[in-house]
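Participant: predicted model follows, preceded by the sequence.
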Amino acid sequence: MRRTVFIWGIAAALVGCGSSQNAVERQTKEQKLETQVTDSVNSRSFTVTFDYVQPHNMISAHYLTSTYYVKLKDDSVWSELPYFGRAYRADISNTGRSPLSFVSAVQKVTVKRGRKKDYVVYLKLRNGNEWFDYYLNVFPNGKSTLNVSSSDRESISFTGQMEMNQ
């Protein structure tokens with residue numbers, strides 16, 4: 001009986017040590033990811049890929065089946081996003097392409113630290129005659145949300161994951 005209790009005690013101690021090691025590894029991995037997010041945002045060099053879209057006039061979010069992204073590199077933005085919603089003024093000559101698919105120089109950029117250790121990145125962009133405000137929240141784990149407001153369209157939101165540029 002004593003021998004069985006002794007063996008169970010050793011087994012429980014070993015399992016406990018393994019769990020604490022996994023917790024330490026997980027915490028180290030989370031800190032490394034948070035450092036990568038901070039470095040990418042501060043260097044203004046990152047890509048965010050999006051997998052969900054929430055149009056302003058729809059109740060639920062929709063899963064995106066293609067690759068959509070926003071890439072920021074120094075003072076340029078590559079935006080490849082779909083648009084669903086109401087247009088107040090539309091470019092009739094460019095009907096085959098999304099109004100959120102363009103390459104633009106950044107007119108204004110602001111990076112602030114949020115309350116939940118996230119980053120709030122504000123981008124003022126222009127595509128032809130249309131002005132866009134991109135409000136990007138990047139959380140320490142790389143999860144991101146983007147709200148796009150336009151001078152000519154209803155707003156639209158996206159949810160995705162940041163990819164750090166190496």
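Facilitator: Sure thing, it's come through. Quick caveat: nothing in here was measured; it's all calculated off a predicted structure.

Participant: poorly predicted segments of this protein, please.
Facilitator: For the chain, residues meeting the criterion pLDDT under 70 lie at 1-21, 90-96, 164-166.

Participant: need the residue closest to the centroid of it.
Facilitator: The centre of the chain sits closest to Ser144, judged by CA atoms, centre = their mean, with a distance of 2.3 Å.

Participant: so it bridges to which residues?
Facilitator: Applying DSSP bridges to Ser144 gives these bridge partners: Val138, Gly160.

Participant: what of Gln54?
Facilitator: Beta bridges link Gln54 to Ser157, judged by DSSP bridges.

Participant: all strands for the protein, in order.
Facilitator: 45-55, 62-73, 76-80, 101-105, 108-113, 119-127, 130-138, 143-150, 156-164 (DSSP state E).

Participant: for Tyr88, find the nearest of these.
Facilitator: Shortest distance between Tyr88 and those, using CB to CB, is found for strand 143-150: 8.6 Å. Any C-beta I mention is one placed from the backbone N, CA and C, and that applies to glycine too.

Participant: mind giving me the packing neighbours of that closest one?
Facilitator: strand 45-55, strand 130-138, strand 156-164 (3 or more CB pairs under 8 Å, 6 or more residues apart in numbering; DSSP states H and E).

Participant: can we see that at 10 Å?
Facilitator: Secondary-structure packing of strand 143-150 (3 or more CB pairs under 10 Å, 6 or more residues apart in numbering; DSSP states H and E): strand 45-55, strand 62-73, strand 119-127, strand 130-138, strand 156-164.

Participant: let me have those strands in CSV, extended by mean neighbour count and distance to Lys108.
Facilitator: Output for those, formatted as CSV (neighbours: other CB atoms under 10 Å; distance: least, CB to CB, whole Å):
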stretch, mean neighbour count, distance to Lys108
strand 45-55, 19, 18
strand 62-73, 15, 13
strand 119-127, 18, 4
strand 130-138, 19, 9
strand 156-164, 19, 20
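
Participant: which one of those strands lies closest to Asn22?
Facilitator: Closest to Asn22 of the helices and strands packed on strand 143-150, according to CB to CB: strand 156-164, at 23.1 Å.

Participant: could you dump the closest one to PDB, C-alpha only?
Facilitator: Taking C-alpha atoms only, strand 156-164 is exported to PDB below (Å, rounded to 0.1, in the frame of the first residue of the first chain):
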ATOM      1  CA  ILE A 156     -16.900  48.400 -42.900                       C
ATOM      2  CA  SER A 157     -15.000  46.300 -40.300                       C
ATOM      3  CA  PHE A 158     -12.600  43.400 -40.600                       C
ATOM      4  CA  THR A 159     -11.000  40.900 -38.200                       C
ATOM      5  CA  GLY A 160      -7.700  39.200 -38.800                       C
ATOM      6  CA  GLN A 161      -4.200  38.300 -37.700                       C
ATOM      7  CA  MET A 162      -1.000  40.300 -38.000                       C
ATOM      8  CA  GLU A 163       2.000  38.800 -39.800                       C
ATOM      9  CA  MET A 164       5.300  40.200 -38.700                       C
END
